[in-house]
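**Student:** The following block contains a protein sequence and its predicted model.
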Amino acid sequence: MRGELHYDAVVIGAGTAGLVAGARLAEGGARVCVLAKGVGSTHLAPATIDVLGYAPERVTSPSAAVEELVAARPDHPYARLGFDAIAEAVRWFSERVAAGPLPEYRYVGDVERNILLPTAVGVLRPSALVPETMAAGDAASRERVCIVGTRSLRDFHPALCAANLRRAGVDARSVDIEIDVDRADQNSLGLARRFDDPAWRAAFAGRLALKLQAHESVGLPAMLGLRDPHGAWSDVQHRLGRAVFEIPTLPPSVPGMRLYEILRSTLRRAGGRFVLGAEVVSCDRDGSRVVSVATRSAGHDAHYAAPWFVLASGGFGSGAIELDSRWATHDRILGLPLRGAPEPGAPRFVSDYLAEQPMARVGVAVDGELRAEGAENVMVAGAALPGAVPWREGSGEGIALASGSHAAQLVLARSGAPAGAAA
Amino acid sequence: MSGDGGMGGDGGMGGNGAMSGGVLEELMRGSLDHCVKCTICETQCPVSNVTPLFPGPKYAGPQAERYRVSGEPSVDSSVDYCSGCGICSMSCPQGVKIAEINSQARNRLKQQKGFPLRDRIITRPTWLGRAGTPVAPLANLTIDFKPFRIFGEKVLGVHRNAAAPEFAGRRFSTWAKKHPSPPTGKKIVYFHNCGTEYYEPWEGEKVMQILEHNGFEVVVPKQDCCGLPLQSSGLFDDARKVVLRLARALVPYVRDDPDTLIVGNATSCTLMLKREAREILSLEDDPDLKLVSERTYDICELLLELHDRGELKTDFNPVNEHIFYHAPCQQQGHWIGKPALELFALIPGLEVTEGNARCCGIAGTYGLKAEKYDIAMAVGADLFGQVKTSGASEVACDSETCRWQITHATGHKSVHPIDYLHRAYGL
């Protein structure tokens, strides 16, 4: 057919789950193409690897808490994946970060113990793995901290952050620092590009040093460079003579951009194709199989045919799942059946915005292997899966890594791609 | 991920369905309601990352658009600093037509403020080509002549240092007339653009030889500019006339033959035919343009598809070189990934470094303009640095203006990706 390309596997979505699935398929020797309507959710998230943070109380050890969750919630993605798959995916991720395009940049931590890091508003939030540039924010370190902000970064308020940290038992204070910027409204990305410049960050550190007191570590909004964050972070620590840590900001998320670049580069280095701007608009089916998907490319639709598809399109947040005006939910990508919606007549939403919304567990219905119901050659990964509420559980990246990895491994095993190529 | 490109339907727009121009413009504009202020476009914009003169696609696009009222003075002039590269629209996970909204806002702004004479001249490659070709040696000397360039900057506003191509002194179409394709019954229409016609006729010769090697009978219709330079400078009325004239020239070759495709090697010009003229110039109503749009292929897109079907000859000789590949913004705007890389992988011995810089800065005529030259060079600095440190001997890039900019800034020779296929075929 005109306009058709063939692959061993096609992945839909370029968030963490999709990029991980694509990279691991490519590493396993499959000819893989990742299709994405736009850049994925990495740019909007802190880029910490949250495996399990709340169940529902704050979790100290993800490994222990996951076992309990698996027993209690058979509908949860973790129940189908199992703890070993999570641990394996997290190990793979750490290795790929270390081998990635950002020199010496690492993630630290493990699935045995959660690290408590401050958010931009000074709340302590549990994560299993964190960028090294954030690690010194660990509340367990019991250090005195100085939260540093700048007026031109209007979404970060150091005094608010420090006040809330004090409430949480951290000895924290705050300072504001004037910096030279060429626009009144600067975001963390604009500042991160400045931090890539050694002369600029030396001047910054020089000015900040005058405001610091003895025996306190420094918390900065996450803006310590894009190109060489390890270098920028180490340099600032060295110049200040103390531990420095990044605090995730409102989007754009600089650590999230680094994470995207690491995963995208891992996919490309392994030989995977990546097509951005490729919104899936329809699919061809043959009974219980998806044969190909069509994307809206310029002028004419492009068709991507494969024996296997990985649906890593996200949930409500990305627009992949919609709730229409008749209260019906749809998978807008492949039209697959969903699961997890409240029974007819039961409340769909509750008035407390931050409570768990009954609609929140909706996802694409899957079998025990995370294959889509009604489409035997479609694996589902990430936030498209039903049964979880990642933002409340603090489980988003754990689900994305483990389900993306699982999808790749199952496809590789079933399609008989060259063995031994996978790491 | 799914949806309707943020255009409010429920898949009804799938397959690039027909829609009236005015309605389309309103839907482009209406897509701004899908903006969730996630800032992903801001992270991707090559221009706002180097200059405060452009506040970024989110501010200039979906946010400022709410304050632009038909018939009222334009709220800002910063949108003129958008280079129109289109990366924002490609990156938007919600399908907001950011670049298209900005292009239309620039058109309205310029209608109010007036168009500089420069914009009316440098956007007419056909005029320039016809004037320069017969007197190429003299014209090329003049282009290199500093006092003339300073004069051109002062009077016209074309930057004295901007990359300017040299006239080849011969026209591709003249060569094509003397070298008709042998009839094979497998016809393909070749849309060579102005760059091939006046500046790089050898690129067109290579395209024809590659296609003929693969059994095609290449038809070269009489043709003219696609109107992209006019469109990107905001001269929409002129751009519409020019692109429709081209569509009328091409459509007779494909109208009655569902198997015949149009192929081009100038990726920005094929994108203009495929999508930009329809969306930005609101020409969705024109049936000729629609048919041409659906049949038009970028050369690498076509060759990759042929390979997928087992119809591309792979009698490639080794090309033992290390090259750097930059996929230009306009190539990325086809939303087909980077087919050139897949083709390179077929050539034995060819080592390719894939750049990950976003843009070379030139954006067609943007980087020629005196007030934007420095911005364009700053935009391209990332790419130029990658080229220089890659150790590659040459740069491959699908767009001619980007190639001229890259060579201007790095001194590295730059060629179209098909040059390596041509070399590997031994043609």
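**Tutor:** Nice, I can see it. Residues are numbered from 1 along each chain as shown, chains lettered A, B, ... in the order given.
**Student:** Tell me how far residue B:318 lies from residue B:427.
**Tutor:** Between residue B:318 and residue B:427 the computed distance is 15 Å (CB to CB, to the nearest Å). Where C-beta positions appear, they are placed from N, C-alpha and C, glycine not excepted.
**Student:** How about residue B:356?
**Tutor:** Taking CB to CB as the measure, residue B:356 falls 31 Å from residue B:427.
**Student:** so where is the chain shaky, pLDDT-wise?
**Tutor:** Since no chain was named, I'll use chain A. The model of chain A has pLDDT under 70 over residues A:1, A:184, A:417-423.
**Student:** please go with chain B instead
**Tutor:** Within chain B, the set of residues satisfying pLDDT under 70 comprises B:1-25.
**Student:** domain assignment for it?
**Tutor:** Split into domains by automatic domain parsing, chain B comes to B:21-113, B:314-425.
**Student:** State the distance spanning the first to the last residue of the longest one.
**Tutor:** What it means is domain B:314-425. 8 Å (CA to CA, to the nearest Å).
**Student:** Whatever residue of the stretch 251-400 of chain B ends up closest to chain A: how many residues sit nearby?
**Tutor:** Here the stretch 251-400 of chain B gets closest to chain A at one residue, residue B:274, 3.1 Å apart by CB to the nearest CB. Using other CB atoms under 10 Å in any protein chain shown, the number of residues around residue B:274 comes to 29.
**Student:** so who does the spatially closest residue to it that is not a sequence neighbour touch?
**Tutor:** Among residues not flanking residue B:274 along the chain, residue A:299 sits closest, at 3.1 Å (CB to CB, 6 or more residues apart in numbering or on different chains). For residue A:299, the contact set (CB atoms under 8 Å, 6 or more residues apart in numbering or on different chains) comprises B:16, B:273-275, B:293-296, B:334.
**Student:** repeat for residue B:219
**Tutor:** Applying CB under 8 Å, 6+ apart to residue B:219 gives the contacts B:181, B:187-190, B:253.
**Student:** any idea how far residue B:212 is from it?
**Tutor:** Shown here: residue B:219 relative to residue B:212, a distance of 12 Å by CB to CB.
**Student:** related to what we said a few turns ago, wait, which of the contacts of residue B:219 is closest to chain A?
**Tutor:** When the contacts of residue B:219 are ranked by distance to chain A (CB to the nearest CB), residue B:188 comes first, at 12.6 Å.
**Student:** Make sure I have this right: the closest one is in a helix.
**Tutor:** No - Residue B:188: not assigned to a helix; according to DSSP: H, G, I helix; E, B strand; the rest coil it is strand.
**Student:** State the helix or strand in which residue A:274 lies.
**Tutor:** Using DSSP states H and E, residue A:274 maps to strand A:273-276.
**Student:** what about the strands in chain B?
**Tutor:** For chain B, applying DSSP state E gives strands covering B:187-191, B:217-219, B:261-264, B:296-298, B:322-326, B:351-354, B:394-397, B:413-415.
**Student:** Give me the helices and strands touching the last one, please.
**Tutor:** Using 3 or more CB pairs under 8 Å, 6 or more residues apart in numbering or on different chains; DSSP states H and E as the contact criterion, the elements in contact with strand B:413-415 are strand B:394-397, helix B:400-410.
**Student:** Residue A:405: which of the strands of chain B is closest?
**Tutor:** Comparison of those against residue A:405 by CB to CB identifies strand B:351-354 as nearest, at 24.9 Å.
**Student:** chain center to the closest one, what's the gap?
**Tutor:** 22 Å (CA atoms, centre = their mean, to the nearest Å).
**Student:** List the buried residues of it.
**Tutor:** Residues of strand B:351-354 classed as buried: B:352-354 (neighbour count, 16 or more other CB atoms under 10 Å in any protein chain shown).
**Student:** Relative to residue A:172, how far out is the residue lying closest to residue B:103 once chain neighbours are set aside?
**Tutor:** Counting by CB to CB, 6+ apart, residue B:103 lies nearest to residue B:280, which is 4.7 Å off, once chain neighbours are set aside. As for residue B:280, its distance to residue A:172 is 51 Å (criterion: CB to CB).
**Student:** Kindly report the same for residue A:152.
**Tutor:** From residue A:152 across to residue A:172, the span is 22 Å (CB to CB).
**Student:** who's more crowded, these two?
**Tutor:** Between residue A:152 and residue A:172, residue A:172 has the larger neighbour count (other CB under 10 Å), namely 24 against 18.
**Student:** surely residue B:161 meets residue B:374?
**Tutor:** No - Residue B:161 lies out of contact with residue B:374 (CB atoms under 8 Å); the separation is 9.5 Å.
**Student:** Quick one: name the residues of the stretch 301-427 of chain B near chain A.
**Tutor:** By CB under 8 Å from any CB of the partner chain, the residues of the stretch 301-427 of chain B that approach chain A are B:304-305, B:308, B:332-338, B:342, B:354, B:356.
**Student:** Apply 7 Å and report the result again.
**Tutor:** The stretch 301-427 of chain B has residues B:305, B:308, B:333-337, B:354 near chain A, with proximity defined as CB under 7 Å from any CB of the partner chain.
**Student:** Looking at these, which one is closest to residue A:106?
**Tutor:** Nearest to residue A:106 among these, with distances taken as CB to CB, is residue B:354, at 24.6 Å.
**Student:** send the alpha carbons of stretch A:199-218 over as CSV?
**Tutor:** This file holds the C-alpha atoms of stretch A:199-218, laid out as CSV (Å, rounded to 0.1, in the frame of the first residue of the first chain):
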residue,chain,number,x,y,z
ALA,A,199,31.6,31.9,33.6
TRP,A,200,28.0,32.6,34.3
ARG,A,201,27.7,30.0,37.0
ALA,A,202,31.0,31.1,38.6
ALA,A,203,29.6,34.6,38.9
PHE,A,204,26.4,33.2,40.3
ALA,A,205,28.2,31.2,42.9
GLY,A,206,30.3,34.1,43.8
ARG,A,207,27.3,36.3,44.5
LEU,A,208,25.5,33.5,46.4
ALA,A,209,28.5,32.6,48.6
LEU,A,210,28.2,36.1,50.2
LYS,A,211,24.7,35.2,51.5
LEU,A,212,25.4,31.8,52.9
GLN,A,213,26.1,30.8,56.5
ALA,A,214,28.4,28.1,57.8
HIS,A,215,27.1,24.5,57.9
GLU,A,216,24.1,24.7,55.7
SER,A,217,23.5,23.0,52.4
VAL,A,218,21.9,24.9,49.5
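**Student:** would you list the helices and strands packed on strand B:413-415 in TSV and tack on distance to residue A:177?
**Tutor:** Formatted as TSV, those follow (distance: least, CB to CB, whole Å):
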stretch	distance to residue A:177
strand B:394-397	42
helix B:400-410	36
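**Student:** With distance to residue A:356 and mean neighbour count as extra columns, can I get these in TSV?
**Tutor:** TSV is the format used below for the helices and strands packed on strand B:413-415 (distance: least, CB to CB, whole Å; neighbours: other CB atoms under 10 Å in any protein chain shown):
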stretch	distance to residue A:356	mean neighbour count
strand B:394-397	51	24
helix B:400-410	50	25
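**Student:** give me the element residue A:245 is part of.
**Tutor:** Per DSSP H and E, residue A:245 falls inside strand A:244-247.
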